[in-house]
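# I would like to see how this sequence folds:
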Amino acid sequence: MVRLIISGCNGRMGRVVETICSADPEFEIAAGIDLLGAGDRDFPVCSSPAEFQGEADVVVDFSSPAALEGLLEFGMARHIPLVLATTGYSEEQLAAIDRAAAVIPIFRSANMSLGVNVLLELVRSAARALNEGYDLEIVERHHNKKVDAPSGTALMIADAAAEVLPYEPEYVYDRQSVRRARGKTEIGISSVRGGGIVGDHEVIFAGRDEVIELRHTAMSRDVFASGAVRAARFLASVGKPGLYSMSDLLQA
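Next comes the predicted model:
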């Protein structure tokens, strides 16, 4: 039995995690964490991690970067692993996550989808084969409530390509501010926000005489929540401090 704390339990993703865990006998929801309070939850809800005094095996966080400091302090003080599924962390926050991972197991991914992580492998393969002969552009589309841009997944895609390219790429987010031809070492990243788009990422390798496109479309938020629950099950059994990712889960 995995005793789970859902951080951001009143949010859209938190509720999907609750639905999945409630239907799985391997999980027990020990508590939720949310600034909005208990609402209609069937489990105790704390306004901050420090308020929780019970027992738990892992925390799944789908809240906001503002909650990170409290979660890291809680995890390290109670030796409880953390699954961080939130995006939009600053460089300072990423460094804080790295430091905390020396004390407790932390699973962090900007995208918990199995399909997206397969896409990353395809991007690496394509970038390695095509390299500087093709221009790389990434277009990400999300719903009109998403506050960070570009998406964490778009940056994951760019980073995956950058790992294997024979040059140091420049990430370009805005072409409106300059009037010049596209540089050969650029990776263009464009963001679209509208309606109820769950998540769509298009990767374009544009050559002189041909274009190769890779694309992942999430049809519902369940795919991300399911991945986070899988990560929680994995992390609860790890026991060793460290920073883990979806690749570790897939290889387990």
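
# buried ones in the helix or strand encompassing residue 95?
Remark: residue 95 resides in helix 91-100, with elements defined by DSSP states H and E. Neighbour counts over helix 91-100 (16 or more other C-beta atoms under 10 Å) mark 93, 96-97, 100 as buried. Every C-beta, even on glycine, is put in place using the N, C-alpha and C of the backbone.

# quick one: contacts of it?
For helix 91-100, the surrounding residues in contact (C-beta atoms under 8 Å, 6 or more residues apart in numbering) are 65, 68-69, 72, 75-76, 82, 84, 89, 106, 108, 243.

# let me have the buried residues of helix 91-100 in CSV, extended by pLDDT and distance to residue 153.
Conversion of the buried residues of helix 91-100 to CSV gives the following (pLDDT from 0 to 100; distance: C-beta to C-beta, whole Å):
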residue, pLDDT, distance to residue 153
93, 97, 18
96, 97, 22
97, 98, 17
100, 98, 23
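
# now the helix holding residue 95, how far from the chain's geometric center?
Mean C-alpha position of helix 91-100 versus that of the full chain (C-alpha atoms, centre = their mean, to the nearest Å) differs by 15 Å.

# mind listing what the helix or strand just after that helix pairs with, with the direction of each?
Counting by DSSP H and E, the element after helix 91-100 in chain order, helix or strand, is strand 105-108. Applying DSSP bridges, strand 105-108 is found paired with strand 82-84 (parallel), strand 242-244 (parallel).

# buried deepest among those, which one?
Compared across the strands paired with strand 105-108, strand 82-84 shows the largest average neighbour count, a mean of 29 (mean count of other C-beta atoms under 10 Å).
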